[in-house]
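Fold the following and give me the result.
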Amino acid sequence: MPVTTVGIAGITGRLARLITHHLLALSPTLTIKGYCRDLSTATSYPTLKNITITQGDPYDPTALRHFVSGCDVVICGFFGDPRLMTEGQKLLIEACEAEGVKRYVAGDWTLDYDKLQYGEHPQKDCQKRVKEFLQEDGRKVKGVHMLIGIFYETFWSDYFGVFRPGEGEGVVMRYWGTGEEVWEGLSYDDAARYSANVALDEEAVGVVTFLGDRKSTKQLAAEFEEVYGVAPRLDCLGTVEELQTKMETTREKEPQNIFAWLADNYQTYIMNGQTYVPTKLDNGRYPDVKPLTFKEFLQNHKVEELNGLYTKAAADL
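Okay, the predicted model is just below:
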């Protein structure tokens, strides 16, 4: 039976809004049920009769069951603290079980966290626990886990500290290691396109992997020059081992100040190659999606926009 009803928890989030847009583009008669904490954040949605949005608490089992009732698949668009990403998702999964939902798209869209040990990257422990929960014996709802590396928008933001757009010293691209270590990822919009296809594909279960490109910092600097006519100055910050030491030292001193070390935590396990996604991609499963490469992404944006794209990824919807 084709998918006729999709539930999206956290529907007002950036990625969830893009997924909603692409779901309706693929299937205009699709019924979409949304769930959010505050209906006032849903005012940007088009007033279409096939979209209904319910306000509710992510920890309310009764409200969650009402939300997922009648859905063929539920997508988790939660992004937040560890309690929401673990307990909130488990409650949502249990609601899906109780209401006979067939598939659950977990709140992943990230690097390959299966290759991490618990505690190495605390932010990914939540996703590991949710995946294990979905794999427990007797579980009826089937989990779907999307691996995409990083979002291009995040790479060009201040988050990783790689790209410095200028202000006196000129454009700078900073790196740890040799500069040959690879970044792999996908744009927000392409991640949403693949997510919409996955949601409508009843055969899509387990881990699915999508990438738009894989490039090193030095390769990206060369592509930046090709697109904008400006050669970034390359600035080496140290070895990957020194990055890991810096991250671990900061984390030990300020364990509760997650923003002091989280970006370094991500970058450590990307630059050391530990969390690269599987080489066998699922891009070919949905040939109508033509993901942007890093260079094509740059060609679509002015240089002065790059730093702010992370916060504006879904602003036009």
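
which residues of this protein score low on pLDDT?
43-44, 46-48, 167-169, 313-317 (pLDDT under 70).

Show me the residue at the heart of it, geometrically.
residue 109 (3.3 Å; Cα atoms, centre = their mean).

how near is that residue to residue 302?
Going from residue 109 to residue 302 by Cβ to Cβ, to the nearest Å gives 26 Å. The way it works is simple: take the backbone N, C-alpha and C, and place the C-beta from them, glycine included.

The closest residue to residue 113 other than its chain neighbours: which element?
For residue 113, the nearest residue in space outside its immediate sequence neighbours is residue 124; the separation is 4.0 Å by Cβ to Cβ, 6 or more residues apart in numbering. Per DSSP states H and E: residue 124 is located in helix 122-134.

After that helix, which helix or strand is next?
Using DSSP H and E, the helix or strand that follows helix 122-134 in sequence is strand 142-147.

Check which residues of that following strand are buried.
Under the neighbour-count criterion of 16 or more other Cβ atoms under 10 Å, strand 142-147 has 142, 143, 144, 145, 146, 147 buried.

residues in contact with the last one?
When you say that, I think you mean residue 147. Contacts for residue 147 (Cβ atoms under 8 Å, 6 or more residues apart in numbering) come out as 108, 109, 110, 111, 112, 207, 208, 209, 210, 277, 278.

one step back: turn the buried residues of strand 142-147 into a markdown table, columns for distance to residue 36.
Shown next, in a markdown table, are the buried residues of strand 142-147 (distance: Cβ to Cβ, whole Å):
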| residue | distance to residue 36 |
| --- | --- |
| 142 | 25 |
| 143 | 22 |
| 144 | 21 |
| 145 | 23 |
| 146 | 21 |
| 147 | 26 |
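
Please identify which of those is nearest to residue 189.
Taking Cβ to Cβ as the measure, residue 189 sits nearest to residue 146 out of the buried residues of strand 142-147, at 14.4 Å.

if I look at that closest one, how far off is residue 23?
Look at residue 146 and residue 23: by Cβ to Cβ, they are 15 Å apart.

One more: residue 239?
Remark: distance between residue 239 and residue 23 (Cβ to Cβ) = 44 Å.

Which one of those two is surrounded by more residues?
residue 23 (24 against 13; other Cβ atoms under 10 Å).

ok, residue 12 touching residue 41?
Yes: with contacts counted by Cβ atoms under 8 Å, residue 12 reaches residue 41, the gap being 4.2 Å.

Between the two, which has more neighbouring residues?
residue 12 (23 against 14).

mind listing what that one touches?
34, 36, 38, 41, 42.

got it, and residue 30?
3, 4, 5, 6, 23, 24, 50, 200.

quick one, what contacts the fifth one?
By Cβ under 8 Å, 6+ apart, the residues touching residue 23 are 6, 30, 32, 196, 199, 200.

Could you report the neighbour count for residue 155?
Counted with other Cβ under 10 Å, residues neighbouring residue 155 total 22.

So residue 212 versus residue 229, what's the distance?
Distance from residue 212 to residue 229, counting by Cβ to Cβ: 23 Å.

neighbour-wise, which of the two wins?
residue 212 (24 against 8).

nearest spatial neighbour of that one, skipping sequence neighbours?
Using Cβ to Cβ, 6+ apart, the closest residue to residue 212 is residue 291 (3.7 Å).

mind exporting stretch 291-301 as CSV, just the C-alpha atoms?
C-alpha atoms of stretch 291-301 as CSV (Å, rounded to 0.1, in the frame of the first residue of the first chain):
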residue,chain,number,x,y,z
PRO,A,291,22.5,16.7,-4.9
LEU,A,292,24.7,19.7,-5.1
THR,A,293,28.5,19.4,-4.8
PHE,A,294,30.4,21.7,-2.6
LYS,A,295,31.3,23.8,-5.6
GLU,A,296,27.8,24.0,-7.0
PHE,A,297,26.6,25.0,-3.5
LEU,A,298,29.1,27.9,-3.6
GLN,A,299,28.0,28.9,-7.1
ASN,A,300,24.4,29.2,-5.8
HIS,A,301,25.4,31.7,-3.1
